[in-house]
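**Student:** model the following, please.
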Amino acid sequence: MPLNIPNLLTWFRILLIPVFIGVFYLSDATLSLHHKHQLSTVIFALAAITDWLDGYLARVLNQTSAFGAFLDPVADKLMVAAALIVLVNLGYVDMLIAFIIIGREIAISALREWMAQIGESKSIAVSLLGKIKTTFQMIAVLLLLYHEPVLALPTHAIGTLLLYLAALLTLGSMLYYLWLALPQIANKSRAQN
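**Tutor:** Numbers count the residues shown, from 1 in each chain. Below you'll find the predicted structure:
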């Protein structure tokens, strides 16, 4: 495991997860719900920034590695899953929406792993649809974590709408990736029969 700046940022993002979750375990006497919203939003935003930064630095500093390529998406999925579980627990997100998003991440990760094992990982590279889904999802989570209106804008309502759109894009991108993988799945199935 190469210890370079991008990988250290990814590890930092993973270490933020228990801190992020821990905010909501503090008593209301220690930290009011209002301050929990603010602090969790800052932590999640910091994680999102380090996600962008580690990829950028890996390319600019030429510090890409197989380990970093593996760990970065794992860190992202763990942070998003943690945020969605917290939001479900707070009653801010419907459990079905969280299940769709988390379930898709697990399914596509498994598909990518399988495709890598058969030497076809480039067949299901990240698509524009996946990037748009991620953008909607990140903004939605930030708005839902903040929860309180900003300049009379209903952050919760906007965040909910964006999360529903992200869930639709999640299903769409999952179908797209499965469609791309279908020829390899069919070939492997025929080869085994």
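**Student:** for the rest of this, base every contact and every neighbour count on C-alpha atoms.
**Tutor:** OK.
**Student:** which neighbouring elements make contact with the longest helix anywhere in the chain?
**Tutor:** Using DSSP state H to define each element, the chain has its longest helix at helix 155-192. In terms of contacts (3 or more CA pairs under 8 Å, 6 or more residues apart in numbering; DSSP states H and E), helix 155-192 is packed against helix 95-117, helix 128-146.
**Student:** could you list the domains of the protein?
**Tutor:** Domain assignment for the chain by automatic domain parsing gives 1-91, 94-193.
**Student:** with mean pLDDT and mean neighbour count added, can I get these in a markdown table?
**Tutor:** Output for the domains of the chain, formatted as a markdown table (pLDDT from 0 to 100; neighbours: other CA atoms under 10 Å):
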| stretch | mean pLDDT | mean neighbour count |
| --- | --- | --- |
| domain 1-91 | 90 | 16 |
| domain 94-193 | 85 | 16 |
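**Student:** follow-up on the earlier one: would you turn the helices and strands packed on helix 155-192 into CSV with distance to Tyr164?
**Tutor:** Shown next, in CSV, are the helices and strands packed on helix 155-192 (distance: least, CA to CA, whole Å):
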stretch, distance to Tyr164
helix 95-117, 7
helix 128-146, 9
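**Student:** so which of these gets nearest Leu9?
**Tutor:** Evaluated over the helices and strands packed on helix 155-192, closeness to Leu9 peaks at helix 128-146, with 18.1 Å, by CA to CA.
**Student:** what angle do that closest one and helix 155-192 make?
**Tutor:** Here helix 128-146 points in a direction 140 degrees away from that of helix 155-192 (axes from the mean of the first three to the mean of the last three CA atoms, to 10 degrees).
**Student:** quick one: helix 128-146 to chain centroid distance?
**Tutor:** 8 Å (CA atoms, centre = their mean, to the nearest Å).
**Student:** got the CA coordinates for it in PDB?
**Tutor:** In PDB, the C-alpha atoms belonging to helix 128-146 read as follows (Å, rounded to 0.1, in the frame of the first residue of the first chain):
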ATOM      1  CA  LEU A 128     -21.700  10.300 -17.200                       C
ATOM      2  CA  LEU A 129     -25.000   9.100 -15.800                       C
ATOM      3  CA  GLY A 130     -23.100   7.700 -12.800                       C
ATOM      4  CA  LYS A 131     -21.300  11.000 -12.300                       C
ATOM      5  CA  ILE A 132     -24.600  13.000 -12.400                       C
ATOM      6  CA  LYS A 133     -26.200  10.600 -10.000                       C
ATOM      7  CA  THR A 134     -23.300  11.100  -7.600                       C
ATOM      8  CA  THR A 135     -23.500  14.900  -7.900                       C
ATOM      9  CA  PHE A 136     -27.300  14.800  -7.100                       C
ATOM     10  CA  GLN A 137     -26.700  12.400  -4.300                       C
ATOM     11  CA  MET A 138     -24.000  14.400  -2.600                       C
ATOM     12  CA  ILE A 139     -25.900  17.700  -2.800                       C
ATOM     13  CA  ALA A 140     -29.000  16.000  -1.600                       C
ATOM     14  CA  VAL A 141     -27.200  14.500   1.400                       C
ATOM     15  CA  LEU A 142     -25.700  17.800   2.300                       C
ATOM     16  CA  LEU A 143     -29.100  19.600   2.200                       C
ATOM     17  CA  LEU A 144     -30.800  16.800   4.200                       C
ATOM     18  CA  LEU A 145     -28.100  16.800   6.800                       C
ATOM     19  CA  TYR A 146     -28.300  20.600   7.200                       C
END
